[in-house]
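**Student:** Sequence and predicted model, in that order:
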Amino acid sequence: MNAGRYEKNITIKPKGSFDYSLILATVGVLFAISVICVFGMFYFKLANIQLLSPVEKYVYMSRMNLAVAPFIITLILLLGICVPKRLLPIRWLNIFGAFLATVAIAVTAWKGIAVGLIVVLTASLLLQLVVLVMAVLGSQRLHFEKSGYWVRVGSSLIHLGIILFVLDLLLYKHLALHLFLFWVTTGSTVLGMLFCFYAQGVVRSVKKIRRQASRRRIEDEPL
């Protein structure tokens with residue numbers, strides 16, 4: 001594995017491609033979720049919701065959950081497609097997507113929509129961990145929009161952070177798990193952004209550390 005290698009000529013697939021459509025859809029859904037969350041926080045403060053009775057607070061929370069629920073479900077379904085596309089060609093991706101949708105519908109009918117969504121997220125999480133390991137090992141079998149070792153690792157970390165973020169939303173009642181997922185999500189997303197947007201800087205840092213380590217080994221060798 002040559003982790004220090006960075007391909008300057010980054011290839012981007014043309015507009016109108018399947019990957020490009022998924023990117024636009026994901027960005028749009030995340031933007032909508034962000035707008036709803038920011039609006040909810042400011043409205044909560046300005047309307048003094050904290051001073052209302054527990055029943056009125058519950059009604060407010062229920063309305064906000066109802067507003068954001070369609071976008072959360074859409075994001076989970078997009079993740080169910082976006083993650084395996086790193087591993088599978090389009091034909092097998094369609095088969096996997098149909099299988100995952102069938103399982104999700106069956107589990108939803110049996111245990112409810114929350115459990116069905118958790119099943120989709122769990123499958124996406126396991127696949128994303130596989131993608132992350134393969135990206136770290138420098139596998140060329142993965143399908144990414146951009147080339148370059150650190151860009152691929154960073155993209156894998158960001159996707160992992162998004163999956164854990166949505167999973168955290170569904171498991172917020174479990175306080176200990178909620179805090180753990182929050183910090184793992186934060187670390188994964190921040191590292192992923194650093195690797196993606198500052199890949200060349202990361203490469204220079206890695207080379208610098210290697211040169212220093214090599215220099216120390218030479219100095220420590222007996223004459």
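**Tutor:** Received, thanks.
**Student:** Can you check the pLDDT for the nearest residue to Ile118 once chain neighbours are set aside?
**Tutor:** In space, and not counting its chain neighbours, Ile118 is closest to Leu170: 5.9 Å by Cβ to Cβ, 6 or more residues apart in numbering. Quick note: C-beta positions are derived from backbone N, CA and C, even for glycine. On pLDDT, Leu170 comes in at 77.
**Student:** What separation do you get for Leu170 and Leu117?
**Tutor:** Per Cβ to Cβ, to the nearest Å, Leu170 is found 6 Å from Leu117.
**Student:** neighbour-wise, which of these two wins?
**Tutor:** In terms of neighbours (other Cβ atoms under 10 Å), Leu117 is the more surrounded of Leu170 and Leu117; the figures are 24 against 16.
**Student:** Show me how far the helix or strand hosting the more buried one is from its chain's centre.
**Tutor:** For Leu117, the element it lies in under DSSP states H and E is helix 113-136. For helix 113-136, the separation from the chain centroid amounts to 10 Å (computed by Cα atoms, centre = their mean, to the nearest Å).
**Student:** elements contacting it?
**Tutor:** Counting contacts by 3 or more Cβ pairs under 8 Å, 6 or more residues apart in numbering; DSSP states H and E, helix 113-136 packs against helix 54-82, helix 90-111, helix 149-170.
**Student:** Show me the contact partners of the second one.
**Tutor:** The list of residues contacting helix 90-111 from outside it, by Cβ atoms under 8 Å, 6 or more residues apart in numbering, reads 18, 77, 80-81, 84-85, 88, 115-117, 119-120, 123.
**Student:** Ranking by neighbours, what's the top pick from those residues?
**Tutor:** In terms of neighbours by other Cβ under 10 Å, the contacts of helix 90-111 top out with Leu117 at 24 neighbours.
**Student:** roughly how far apart are that residue and Gly138?
**Tutor:** To Gly138, Leu117 is 33 Å away according to Cβ to Cβ.
**Student:** now do Ser147
**Tutor:** Applying Cβ to Cβ to Ser147 and Gly138 gives a distance of 12 Å.
**Student:** which one among the contacts of helix 90-111 gets closest to Ala32?
**Tutor:** Ala32 has its nearest neighbour among the contacts of helix 90-111 in Leu77, at 14.3 Å by Cβ to Cβ.
**Student:** if we can go back for a sec, the helix holding Leu117: which residues count as buried?
**Tutor:** 116-121, 123-125, 127-128, 130-132, 134-135 (16 or more other Cβ atoms under 10 Å).
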